[in-house]
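Quick one: sequence plus predicted model below, questions after.
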Amino acid sequence: MIHGLGERLHQQRILNHLSQKEVALTLGVSPSVVSNYETGGRTPSVEVLMALARLYHCSTDYLLGFNTRENDTIDTSMLTPEQKTFLVQFLNSL
């Protein structure tokens, strides 16, 4: 198991107000598998790790412990295409 992964998965699940059962349904696994991810008894596959990062709105780097920021991504799903273009232009100007 990757050091701290289980703790970060548990923390993100709680922060997102989700139960292990809800996460399991989203991932297509049993709640016991989610529990094993959080306790360190099992390591998620790359595909599952990516799904967890999407579900928790954080990066896989954060979950794996490569950075300490919880959320280094921006959820743009609620933006119009024009707003996304403006955001990209703004970020590129920094």
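Right, received. Where do you want to start?

and the helix ranked longest in the chain, average pLDDT?
Counting residues, the longest helix found in the chain (DSSP state H) is helix 81-93. Mean per-residue pLDDT for helix 81-93: 87.

Same question for stretch 50-70.
Here the average pLDDT along stretch 50-70 is 86.

okay, it in PDB with CA atoms only?
This file holds the C-alpha atoms of stretch 50-70, laid out as PDB (Å, rounded to 0.1, in the frame of the first residue of the first chain):
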ATOM      1  CA  MET A  50      -8.600   8.000 -11.400                       C
ATOM      2  CA  ALA A  51     -12.300   7.400 -10.700                       C
ATOM      3  CA  LEU A  52     -11.800   8.300  -7.100                       C
ATOM      4  CA  ALA A  53      -9.900  11.500  -7.900                       C
ATOM      5  CA  ARG A  54     -12.800  12.500 -10.200                       C
ATOM      6  CA  LEU A  55     -15.400  11.600  -7.600                       C
ATOM      7  CA  TYR A  56     -13.500  13.500  -4.900                       C
ATOM      8  CA  HIS A  57     -12.600  16.500  -7.100                       C
ATOM      9  CA  CYS A  58      -8.900  16.200  -6.400                       C
ATOM     10  CA  SER A  59      -5.800  15.000  -8.300                       C
ATOM     11  CA  THR A  60      -4.400  11.600  -8.300                       C
ATOM     12  CA  ASP A  61      -1.100  13.200  -7.200                       C
ATOM     13  CA  TYR A  62      -2.800  14.400  -4.100                       C
ATOM     14  CA  LEU A  63      -4.200  11.000  -3.300                       C
ATOM     15  CA  LEU A  64      -0.800   9.300  -3.900                       C
ATOM     16  CA  GLY A  65       0.900  11.900  -1.700                       C
ATOM     17  CA  PHE A  66       3.000  13.600  -4.400                       C
ATOM     18  CA  ASN A  67       1.600  17.000  -3.400                       C
ATOM     19  CA  THR A  68       0.000  18.300  -0.200                       C
ATOM     20  CA  ARG A  69      -2.700  20.400  -1.800                       C
ATOM     21  CA  GLU A  70      -6.100  18.800  -1.600                       C
END
